[in-house]
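K.L.:
Give me a 3D structure for the following:
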Amino acid sequence: MGSIVSLVRTRRSEEEIKESIGKALDLIDFEMQSPIRTVAIKVNLCYYWDAFTGQTTDPLLVAAIIDYFRERCGSNIDIKVAESDATAMRTKYAFVMLGYDKLAKEKKIELFNLSTDVSDEKEVQVNRRTIRLKVPMSLLRSDLFINIPKLKTHSLTYITCALKNIFGCMASQRKILYHPFLNETIVGVNKILRPHLTIVDGLVALGRFPVKLELIMASVDPFSIDWIASQILGYNPSKIEFLKVASKEKLGDSDGILTRGESVNTFRKLFPRQNFVYSKLLSKTRKLLLTSYERIVGDLVPAEYKVE
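P.N.:
Next comes the predicted model:
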């Protein structure tokens, strides 16, 4: 059976966001397992784009989440904000460029690169395919593992939210190597890494262009989050390939998913649906220009532009 997904409107101030987080968690009847000593927060830092582009998790939301859980679990809990290196992104630079170093100093928390963590190579079977994954051990050992994805579209998977953000937990830097079987890999990673809670950053969402949605979503089930997120983004979730694979692999169940709070339609009407015919033509042009740039200066091209 599916889980409860809450949808709550908020405004971009730390205090109001913290209140909205409390409301969102109350709506899903969230209860913490005690005692909570360690908290791992997986953000979504996609290359070096600022949160106002709709690409990356807003540090203001993360700050509010830190304050919320410190008030309830105690000020001495060990909190790590985590991300891993990607094909065209180094976490240590993203933390600085996107304001997370400032957040760490203000909130006295640790910024953690999952690619430097002690990892365990695990095998998982998805769609009769054996996939080997390097899994950071810190996430498996945390008392509270919180997933904070962005609400946005994606040229390969159509939507990217809760399940895809867990794909980004893998310690492997060159995640582009998994793109030929991306849907199966997304499901495989989520079979191993199970966040206790997902809180979606929909303050600014990204479709055809960034849009100020002022939305926070929450659930204990990433599959249920993505099922509802697909509808907000204008897609039939039963047609999203990685959700189909997840259903087949018994990772999630669309039956019985319940929403509380704001209406899905409220946000679906505001979201600028992506035109992927236009998007793919634009991506090819960008790829040509960026590949030329890469050859000239030796910098890295974002991974999504390297995939046909």
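K.L.:
Now for the residue lying closest to N127 once chain neighbours are set aside: which residues touch it?
P.N.:
Nearest non-adjacent residue to N127, counting by Cβ to Cβ, 6 or more residues apart in numbering: E184, 5.2 Å away. Using the backbone N, CA and C atoms, a C-beta is placed for each residue, glycine as well. By Cβ atoms under 8 Å, 6 or more residues apart in numbering, the residues touching E184 are 126-127, 129, 131, 245.
K.L.:
per-residue confidence at E184?
P.N.:
Note on E184: pLDDT of 97.
K.L.:
Check R273 too.
P.N.:
pLDDT at R273 comes out at 85.
K.L.:
So what's the gap between stretch 113-127 and the chain middle?
P.N.:
17 Å (Cα atoms, centre = their mean, to the nearest Å).
K.L.:
Could you do stretch 58-67 as well?
P.N.:
15 Å.
K.L.:
One more: stretch 152-166?
P.N.:
Taking mean C-alpha positions (Cα atoms, centre = their mean), stretch 152-166 and its chain are 8 Å apart.
K.L.:
Put the alpha carbons of it into CSV.
P.N.:
The C-alpha trace of stretch 152-166 is given here as CSV (Å, rounded to 0.1, in the frame of the first residue of the first chain):
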residue,chain,number,x,y,z
LYS,A,152,11.9,19.2,-11.4
THR,A,153,11.8,17.6,-14.9
HIS,A,154,14.7,15.6,-16.4
SER,A,155,15.6,15.0,-20.0
LEU,A,156,16.2,11.2,-19.4
THR,A,157,13.6,10.2,-16.8
TYR,A,158,11.0,13.0,-17.4
ILE,A,159,10.7,13.6,-13.7
THR,A,160,13.4,13.7,-10.9
CYS,A,161,12.5,13.9,-7.3
ALA,A,162,12.8,11.5,-4.4
LEU,A,163,14.0,8.2,-5.9
LYS,A,164,16.4,9.9,-8.3
ASN,A,165,18.0,11.9,-5.5
ILE,A,166,18.9,8.6,-3.8
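K.L.:
Just the mean pLDDT for it, thanks.
P.N.:
Here the average pLDDT along stretch 152-166 is 95.
K.L.:
and what of stretch 79-96?
P.N.:
In this model, stretch 79-96 has an average pLDDT of 93.
K.L.:
Any buried residues in it, and which?
P.N.:
79-89, 91, 94-95 (16 or more other Cβ atoms under 10 Å).
K.L.:
Strands - which of the residues you listed land there?
P.N.:
Mapping those onto strands (DSSP state E) picks out 79-83.
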